[in-house]
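Undergrad: Quick one, structure for this:
(2 chains)
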Amino acid sequence: MRPSDGDRVVALIAARERGTLPRDEEDELRRILEENPEQAAYAGGDRAIERLLRYAGGEELGAEEFTRGVAARIAAERRGEEFVRRVNRRLRARRLARPPG
Amino acid sequence: MQQEVLLQGGFMPTVLEESALVERAKEGDAEAFADLVRLFQGRIRAFFAARLGDPSMVDDLAQEAFIIAYQKLPECDASRPLLPWLKKIAQYVLLNASRKHRPQTLDPTDLDAVLDRLALDQADSLEDGDSEQDTLEGLRECLGKVQSVSLRLLEARYRHGLSVKVIARREGKTPVALSVNLVRIRQRLRQCLETRKFRTSFVEGTRP
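TA: Numbers count the residues shown, from 1 in each chain, chains lettered A, B, ... in the order given. Predicted coordinates:
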């Protein structure tokens, strides 16, 4: 009995995860995903869940640290802008002070 | 793993409280803006986490989205919910980042590129629209429902970053069986997230 597209997609995604998906099976997976929207949604959802798991399994910042990080970056940008403004003011002042010609 | 997934929940404001915070932030109240970041950081980080292949970029880009939001606050309509506005900014940041980081030579029919596109389509369907819970909180809830054996496998794979081969050896399984098992566990998590989404929208829809 021929396996359904669903079973085949699970097997091919699993093989890919093991790093043992040969070129012809990669083509087969691509073909199923193009022809079968249900399986395309399945594979896309699997990848999205995998990404969430990878992020959740890592060392992400706590909410407070994250918020402090945003505040620090905004403050740094402001300081940077202020610095650029100060430099521009000085350059303008020097240009104005320079004798014409 | 459950502890790892924990993001601070905090209180959720009513529409009026949210709008008052936006008004105060627009007037230059830095603490009000920090409160908005605390409130929405989970959902904006979940937005990026489901869409980015590199998890180390998630927090950086989510912070960038809030920095742009801060700069654009004068344009923000405080009478409207903030989340859709923040998500538009996040979308813009994501687009910029993928332009910067995607190799120009990548073939669009490459399997990775195909799966990336499909993942982007499906990321929206995993989210609860404008609901109060973010996808990562939902995932944590769903992880609480999986069997301890499955949780152990997920922890080995996503917290410790072990290869399928190594986990299979540890568990006394074949790599084929183990990798199929992982795909099935992820499928169950997805179903759980979707059921939860339906439940949330149903409850919200029936709220008086």
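
Undergrad: I'd like to know how far the nearest residue to residue B:78 once chain neighbours are set aside sits from residue A:23.
TA: Nearest residue to residue B:78, sequence neighbours excluded (Cβ to Cβ, 6 or more residues apart in numbering or on different chains): residue B:22, at 4.0 Å. Backbone N, C-alpha and C define where each C-beta goes, glycine included. Noted for residue B:22: a distance of 53 Å to residue A:23, by Cβ to Cβ, to the nearest Å.

Undergrad: all helices of the chain, in order?
TA: I'll assume chain A. Along chain A, counting by DSSP state H, helices occupy A:5-18, A:23-35, A:37-57, A:63-97.

Undergrad: my bad, the chain I had in mind was chain B
TA: Assigned by DSSP H, chain B shows helices spanning B:2-5, B:15-26, B:30-51, B:58-71, B:82-101, B:111-126, B:135-143, B:148-154, B:164-171, B:175-206.

Undergrad: Need these in JSON lines (columns: distance to residue A:90).
TA: Shown next, in JSON lines, are the helices of chain B (distance: least, Cβ to Cβ, whole Å):
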{"stretch": "helix B:2-5", "distance to residue A:90": "50"}
{"stretch": "helix B:15-26", "distance to residue A:90": "32"}
{"stretch": "helix B:30-51", "distance to residue A:90": "29"}
{"stretch": "helix B:58-71", "distance to residue A:90": "25"}
{"stretch": "helix B:82-101", "distance to residue A:90": "32"}
{"stretch": "helix B:111-126", "distance to residue A:90": "47"}
{"stretch": "helix B:135-143", "distance to residue A:90": "48"}
{"stretch": "helix B:148-154", "distance to residue A:90": "57"}
{"stretch": "helix B:164-171", "distance to residue A:90": "60"}
{"stretch": "helix B:175-206", "distance to residue A:90": "56"}
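
Undergrad: okay, now residue B:101: neighbour count?
TA: 11 (other Cβ atoms under 10 Å in any protein chain shown).

Undergrad: circling back: of residue B:22 and residue A:23, who's got more company?
TA: Neighbour comparison, residue B:22 and residue A:23: the larger count goes to residue B:22, with 22 against 7 (by other Cβ under 10 Å).

Undergrad: for that one, what are its contacts?
TA: By Cβ atoms under 8 Å, 6 or more residues apart in numbering or on different chains, the residues touching residue B:22 are B:32, B:36, B:73, B:76, B:78, B:82.
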